[in-house]
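A.B. asks: Pasted the sequence and its predicted model underneath.
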Amino acid sequence: MENKEKQSKEKSHDITEKAEELAGIIRKKLPDLKVSKNEIVSLLKGEEINSSLDSGQNESEEKAVPSGSALWKKGKFLANRITHLSSTIAKIATILPIVALIFQTFFLGVKTEKLQDQGLELVQSGQLMQNEISSLGAQTLTFKEDLEKQLSSLQTKVEPPTIEAEKKERRNRKKMINSVKKRIREQLSNPSNSLRELSDELKASIINFTLYCKPYQLLFDNLSPERGYMLYFLYKEKIAPNDFLEICNKGDFQYADCNGKKFVQANFSNIDLQYSSFEDGALASCNLQGVKLNNANLQGCSFWNSDLQGAEINTAVLEKAKFRNAQLKNLKLKETDISGIEFNKDADFAGVELNGAYSFDFVWMKEFLELTQLDSIYVLKSELAENARYFERLRIHQK
C-alpha cells in the first residue's frame with residue numbers, strides 16, 4: 001500500500017514538472033495570452049475538472065432529495081457545474097491548438113538544426129573538394145611548366161656536325177669495338193664452348209653497340225662502318241646461328257657499310273639491311289628470303305646461288321649485280337636501277353615485281369625484256385648529261 005502511494009506521488013510530481021515546463025514554454029511563446037502560468041498548469045493537470053467533479057459528488061452525497069424543490073436545486077447545481085466544466089473545456093480547447101503548434105514548431109526547429117548541420121557538413125566537404133581541385137590545378141600547372149621547360153631544352157638548336165667532331169667520335173667507336181671484339185673472342189676460345197654461343201650479357205652489349213653507332217653524316221656518306229664491321233666480324237667468327245640471327249634482329253644494321261665484303265653461306269633471312277651498302281661485295285649462296293635491302297647500294301654485288309625469294313630490293317641500285325643461279329621468285333625490284341644485271345637465261349621471274357624498275361642502257365633493256373618476256377615499257381626522257389650525250393631513261397611498266 002505504501003509503495004502504491006509512493007509511486008502515485010512520484011507520478012503526480014512528474015506530471016506537475018512537465019506541466020510547469022510546458023506552461024513556461026506556452027507563456028514564452030504567447031506573452032499576450034491572458035492566462036496565468038498557474039492556471040495553465042492547472043488546466044494541463046485537469047485540476048479544475050477533478051475539483052468540480054469531486055465537489056458535485058460530495059454535495060450530492062451530503063444532501064438528500066426528498067422533494068421537487070430539492071430536485072430543482074440539484075438540477076440548478078448540476079447546470080452550474082456543467083457550465084463550469086464547459087468553460088474549463090473551452091479554455092483547454094483554446095490552448096490545445098497552441099500547444100500543438102508549439103510542439104510542431106519545436107520539432108521543426110530540431111529538424112531545421114539537423115538540416116543546417118548537414119548543410120554545414122556539405123559546405124565543408126565542398127570546400128575540401130575545392131581545395132583538392134585547386135591543389136590538382138596547381139600541380140597540373142607546375143607539370144605543364146616543367147614539360148614546357150623540357151621541350152624548350154630539347155628544342156634547343158643543335159649544332160650541325162663537323163668533320164672534326166665525327167673524327168673524334170670515330171676514334172671513340174674504334175675503342176668500343178675493340179673492347180667488344182676482345183670479349184667475343186674470349187668466350188669463343190673457351191674449350192667448353194663447342195657450340196660457339198655467346199652469353200646473354202655479351203649479346204646485349206653487341207646489340208646496344210649497333211644501336212649506338214648511327215651513320216655519319218660527313219665522313220662516310222651517311223653510312224655506319226662500325227655496323228658493317230660488326231656484322232662481318234660476327235659472320236667470320238662463325239658464332240652460333242641462333243645467336244647471329246638474334247643479334248641481327250634485335251640490333252640495328254641499317255646503313256651498314258659493307259662495301260667490298262664477301263658473305264658466303266650466311267643466313268640473313270628476314271633481316272633489315274635497308275640503306276646499307278654492299279657495293280662490289282658478295283652475298284653468295286646466302287639465305288636471303290624476306291631480307292629487306294630497300295634503298296641499298298648493291299652495285300656490282302654478287303648474289304650467285306642465293307635464295308632471294310620474297311626479298312625486298314625496292315628503290316635500290318642493282319647496276320651490274322650478278323644473279324647467276326639465284327632463286328628470284330616473288331622478288332621485289334620496284335623503282336630499282338637494274339641496268340646490266342646478270343642472270344641465267346632460264347631464270348624464273350615468276351611473281352617478280354618490276355613495276356617502275358628502270359635502266360639507261362637501251363640495248364641491255366631490250367635483251368632483258370626478251371628474256372623475261374616482259375613487253376610493256378614506257379620511256380621517260382631525262383636530261384642526264386654524260387660525255388656530252390643525252391640518254392633516255394627506260395622504265396618497265398607492269399600491267
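C.D. replies: That came through, no problem. Numbering: from 1, shown residues only.
A.B. asks: Let me see the domain layout of the chain.
C.D. replies: When the chain is parsed into structural domains using automatic domain parsing, the resulting residue ranges are 2-62+71-124, 167-256.
A.B. asks: weakest of these by average pLDDT?
C.D. replies: Comparing mean pLDDT across the domains of the chain, the weakest is domain 2-62+71-124, with a mean of 63.
A.B. asks: ok, Ile234 - contacts?
C.D. replies: Heads up, residue 234 is Leu, not Ile. Leu234 makes contact with 184, 206, 244, 247, according to CB atoms under 8 Å, 6 or more residues apart in numbering. For every residue, glycine as well, the C-beta is placed using N, CA and C.
A.B. asks: Greatest separation within the residues you listed: which pair is it?
C.D. replies: Across those, the two members that end up farthest from each other (CB to CB) are Ile184 and Phe244, 11.8 Å apart.
A.B. asks: Ala350 against Lys329, yeah?
C.D. replies: Yes. Taking CB atoms under 8 Å as the definition, Ala350 is a contact partner of Lys329 at 5.5 Å.
A.B. asks: neighbour-wise, which of the two wins?
C.D. replies: Between Ala350 and Lys329, counting by other CB atoms under 10 Å, Lys329 is the more crowded of the two (15 against 9).
A.B. asks: Wait, that one touches Gly351, no?
C.D. replies: Yes. In terms of CB under 8 Å, Lys329 counts as a neighbour of Gly351; the distance is 5.5 Å.
A.B. asks: any chance you could map the helices in the stretch 151-300 of the chain?
C.D. replies: Ranges of helices in the stretch 151-300 of the chain, per DSSP state H, counting those that start in this stretch, are 163-188, 200-212, 225-236, 241-250.
A.B. asks: Any idea which of those gets closest to Cys258?
C.D. replies: Go through those one by one with CB to CB and the one that ends up closest to Cys258 is helix 225-236, at 4.3 Å.
A.B. asks: Can I get the closest one in PDB, CA atoms only?
C.D. replies: What follows is helix 225-236 as a C-alpha-only set of coordinates in PDB (Å, rounded to 0.1, in the frame of the first residue of the first chain):
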ATOM      1  CA  PRO A 225      81.300   1.500 -90.900                       C
ATOM      2  CA  GLU A 226      81.100   0.100 -87.300                       C
ATOM      3  CA  ARG A 227      77.800  -1.700 -88.000                       C
ATOM      4  CA  GLY A 228      79.200  -3.200 -91.200                       C
ATOM      5  CA  TYR A 229      82.400  -4.200 -89.400                       C
ATOM      6  CA  MET A 230      80.500  -5.900 -86.600                       C
ATOM      7  CA  LEU A 231      78.200  -7.700 -89.000                       C
ATOM      8  CA  TYR A 232      81.200  -9.100 -90.900                       C
ATOM      9  CA  PHE A 233      83.100  -9.900 -87.700                       C
ATOM     10  CA  LEU A 234      80.200 -12.000 -86.300                       C
ATOM     11  CA  TYR A 235      79.900 -13.800 -89.600                       C
ATOM     12  CA  LYS A 236      83.600 -14.500 -89.800                       C
END
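A.B. asks: Now do it and helix 241-250, the angle between them.
C.D. replies: Here helix 225-236 runs at 160 degrees with respect to helix 241-250, directions being taken by axes from the mean of the first three to the mean of the last three CA atoms, to 10 degrees.
A.B. asks: Could you tell me the angle between helix 225-236 and helix 163-188?
C.D. replies: Relative orientation of helix 225-236 with respect to helix 163-188: 20 degrees, computed using the same axes, to 10 degrees.
A.B. asks: Now helix 225-236: buried residues?
C.D. replies: The neighbour-count check on helix 225-236 (16 or more other CB atoms under 10 Å) flags 225-235 as buried.
A.B. asks: now swap in stretch 248-263 and tell me
C.D. replies: For stretch 248-263, a neighbour-count test (16+ other CB under 10 Å) marks 248, 251-259, 261-263 as buried.
A.B. asks: Now intersect those residues with the strands, please.
C.D. replies: Those of those mapping onto strands are 262-263, per DSSP state E.
A.B. asks: between the buried residues of stretch 248-263, which is nearest Val317?
C.D. replies: Checking these against Val317 with CB to CB, the nearest one is Asn259 at 12.5 Å.
A.B. asks: Skip the chain neighbours and tell me the closest residue to that closest one.
C.D. replies: Spatial nearest neighbour of Asn259, excluding adjacent residues (CB to CB, 6 or more residues apart in numbering): Glu279 at 4.7 Å.
A.B. asks: pretty sure that neighbour is in contact with Ala316, am I right?
C.D. replies: No. Under the criterion of CB under 8 Å, Glu279 makes no contact with Ala316, lying 11.3 Å away.
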